[in-house]
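Colleague: Predicted coordinates and the sequence they were generated for:
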Amino acid sequence: MQTFKHHINENRGLRFIYEKLEICSATGRKRLLSQHFITSDFELKMELDTLEIFANFVSDRENAKSIVAIQHRLYCQNDIHQTIHNLRSAQTLDDIELFEVKNFCMVSRDICKLIKDTQIDILPFHDLNPVVEILDPEHNGIQSFYIYSVYDEKLAALRKEYDIAKNANQNEKAERIRLECIEIEDRIREHLSEKLRNYSEAIQANYDQLAYLDLLLAKALLARDFKLCKPTISQGETIIKGAFNPVVAESLKERGGEFQPIDIHFGETPNLITGANMSGKTVVLKTMSLIQMMFQFGFFVPAESAEIAPVEEIMTSIGDAQSEVNGLSSFAIEMLNIDKILKAVKSGQKILALVDELARTTNPSEGRALVNAFIKILSRHSTRSLITTHYNGITAQCNRLRVKGLQVPDGIKVTPENINRYMDYSLVSTTEEEVPTEGLTIAEIFNIDEEFLSEARKMVIVKTQDLASQQLETQKHRNPET
């Protein structure tokens with residue numbers, strides 16, 4: 001299963017979330033980027049329950065100072081994984097590496113003190129005070145490190161002799177003493193590394209736990225600031241109320257608008273979503289993709305409430321996520337994505353399929369055929385799926401939903417600048433096979449060439465009249481007495 005790092009390069013919404021996280025340390029960021037998509041119900045529950053404890057902690061204003069203090073110490077945590085590796089593999093550490101170990105252990109000790117007696121004192125940390133004692137023999141509490149004279153009486157005496165010789169310009173003697181000091185210092189480094197090796201497992205464990213602490217705190221702060229909810233794990237249907245897309249919501253807020261929350265309920269039957277142009281069908285898919293992704297990476301999700309069924313993989317075919325490579329057309333790339341989805345479904349893989357405007361770049365007759373065939377196969381294999389379309393005449397058995405789209409109050413003039421304020425992304429159930437049409441209305445709002453629109457209106461009227469005539473003829477054929 002691919003990592004969080006892979007998905008933020010593929011999913012704009014997840015990258016937005018990543019950039020909003022207040023992760024303080026390189027180790028915390030590395031832990032998140034290397035995290036795998038969680039498919040185990042048990043692991044998901046453990047992760048979300050742990051995050052809930054942190055979310056409650058950061059929501060209490062009385063803990064504000066503690067949060068700042070913890071974050072300040074986390075900022076001081078360096079990435080020392082190579083140093084720990086060297087220590088565990090019986091290498092002698094140099095002064096920089098000894099400093100890194102000392103600094104880390106002091107940071108670990110300080111954070112343990114800060115979280116003691118709080119509800120977030122739930123992660124198992126080892127006592128690394130013995131390591132600090134070894135590397136801070138003078139007990140001065142300073143994070144810097146050098147080979148202290150107290151480590152060896154002979155070294156202490158030689159250093160004094162060196163200072164006297166140097167001040168007396170006895171350079172030859174001073175150099176001899178300096179070389180003796182180096183030999184002793186090297187032996188001390190070897191001795192210190194041997195002593196510290198006994199604590200290497202504890203250092204590694206605390207290193208991992210501090211990274212996890214940093215990540216949990218960042219996730220909790222994100223949940224607080226964006227008003228995210230704790231999702232529960234569903235064994236059947238996914239039921240989400242008041243879902244919102246943080247990317248779109250923030251963009252609308254900057255322009256004085258507000259995101260219309262989405263309610264959605266689906267199971268293992270394909271769901272066909274219709275709606276006029278610009279009605280928000282793609283936004284619905286991207287919002288669902290983000291929510292499922294956040295849920296299975298152990299985040300709270302952007303919704304009022306959420307019951308979500310875990311899947312093994314989220315598979316999408318959404319236009320702006322495709323890349324033109326090797327000279328392939330957009331239709332060819334789309335078909336390759338659809339083929340991957342079908343192969344996964346037929347292999348028995350448990351997926352969530354999100355497909356936007358399937359076959360939109362081919363002719364309507366073939367497009368309808370492809371959409372119908374796709375839905376039939378997904379239905380046979382009980383696949384969780386959301387498929388948007390602008391085609392009429394989709395007859396395959398599926399749940400049908402419609403995005404409300406443009407909702408303009410009386411007396412309001414809609415302009416290109418404010419149109420997003422009046423887009424309603426909420427979904428309603430429908431039994432209609434006809435797709436809503438608002439293309440001309442939206443074109444008028446954007447002040448598209450009037451002659452062009454006039455000609456288009458005439459063609460729409462003619463087509464409507466022809467369709468009505470065809471329906472009447474069909475009715476007469478079925479009932480000659482009419």
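Modeller: Nice, I can see it.
Colleague: residues near residue 225, how many?
Modeller: With neighbours defined by other CB atoms under 10 Å, the count for residue 225 comes to 11. For every residue, glycine as well, the C-beta is placed using N, CA and C.
Colleague: and it, what is it in contact with?
Modeller: If a contact means CB atoms under 8 Å, 6 or more residues apart in numbering, then residue 225 has residue 20 as its contacts.
Colleague: repeat that for 10 Å
Modeller: 20, 22, 58 (CB atoms under 10 Å, 6 or more residues apart in numbering).
Colleague: mind checking the SS state of the nearest residue to residue 111 once chain neighbours are set aside?
Modeller: Leaving out its chain neighbours, the residue that sits closest to residue 111 by CB to CB, 6 or more residues apart in numbering is residue 73, at 5.1 Å. Residue 73 carries the three-state label helix when classified by DSSP: H, G, I helix; E, B strand; the rest coil.
Colleague: I'd assumed residue 217 was in contact with residue 73.
Modeller: No: with contact defined as CB atoms under 10 Å, residue 73 does not count as touching residue 217 (11.4 Å).
Colleague: And those two? Which one has more around it.
Modeller: Each of residue 73 and residue 217 has its neighbours counted (other CB under 10 Å); residue 217 has more, 25 against 19.
Colleague: which SSE is that one in?
Modeller: helix 200-226 (DSSP states H and E).
Colleague: is it fair to say residue 316 lies in a strand?
Modeller: Yes: using three-state DSSP, the secondary structure at residue 316 is a strand.
Colleague: Wait, it touches residue 290, no?
Modeller: No: Residue 316 is beyond contact range of residue 290, at 11.1 Å (criterion: CB under 10 Å).
Colleague: okay, these two: which has more neighbours?
Modeller: Counting neighbours by other CB under 10 Å for residue 316 and for residue 290 shows that residue 290 has the greater number, 25 against 20.
Colleague: what's the pLDDT at the residue nearest to residue 111?
Modeller: If you check residue 73, the pLDDT there is 95.
Colleague: how close does it get to residue 112?
Modeller: To residue 112, residue 73 is 10 Å away according to CB to CB, to the nearest Å.
Colleague: list residues touching both of the two?
Modeller: Common neighbours of residue 73 and residue 112 (CB under 10 Å, 6+ apart) are residue 210.
Colleague: For burial, what's the neighbour tally of the residue lying closest to residue 309 once chain neighbours are set aside?
Modeller: Distances taken as CB to CB, 6+ apart place residue 234 nearest to residue 309, at 4.5 Å, with adjacent residues excluded. The number of residues packed around residue 234, counting by other CB under 10 Å, is 15.
Colleague: what does residue 52 give?
Modeller: 14.
Colleague: my read: it touches residue 230, true?
Modeller: Yes: applying CB under 10 Å, one finds residue 52 in contact with residue 230, separated by 5.5 Å.
Colleague: any shared contact partners between the two?
Modeller: Joint contacts of residue 52 and residue 230 (CB under 10 Å, 6+ apart) are 223, 300.
Colleague: Going along the chain, name the strands of the chain.
Modeller: Assigned strands in the chain, in chain order: 232-233, 238-243, 262-266, 271-274, 305-308, 313-317, 351-355, 384-388, 399-406, 423-429 (criterion: DSSP state E).
Colleague: dump the residue contacts of residue 143.
Modeller: 76, 99, 102-107, 132, 135-136.
Colleague: Output stretch 216-236 as CSV, nothing but the C-alphas.
Modeller: Provided in CSV are the C-alpha atoms of stretch 216-236 (Å, rounded to 0.1, in the frame of the first residue of the first chain):
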residue,chain,number,x,y,z
LEU,A,216,-0.7,13.4,17.2
LEU,A,217,-0.4,16.9,18.6
ALA,A,218,-0.4,18.4,15.0
LYS,A,219,-3.5,16.2,14.0
ALA,A,220,-5.3,17.3,17.2
LEU,A,221,-4.6,21.0,16.5
LEU,A,222,-5.8,20.6,12.9
ALA,A,223,-9.0,19.0,14.2
ARG,A,224,-9.6,21.9,16.6
ASP,A,225,-8.9,24.6,14.1
PHE,A,226,-10.9,23.1,11.2
LYS,A,227,-13.7,21.7,13.3
LEU,A,228,-13.1,18.2,12.2
CYS,A,229,-15.0,15.2,13.7
LYS,A,230,-14.0,11.8,14.9
PRO,A,231,-15.2,9.2,12.4
THR,A,232,-16.5,5.9,13.5
ILE,A,233,-15.8,2.6,11.7
SER,A,234,-18.7,1.2,9.8
GLN,A,235,-19.0,-2.5,8.8
GLY,A,236,-21.7,-1.6,6.3
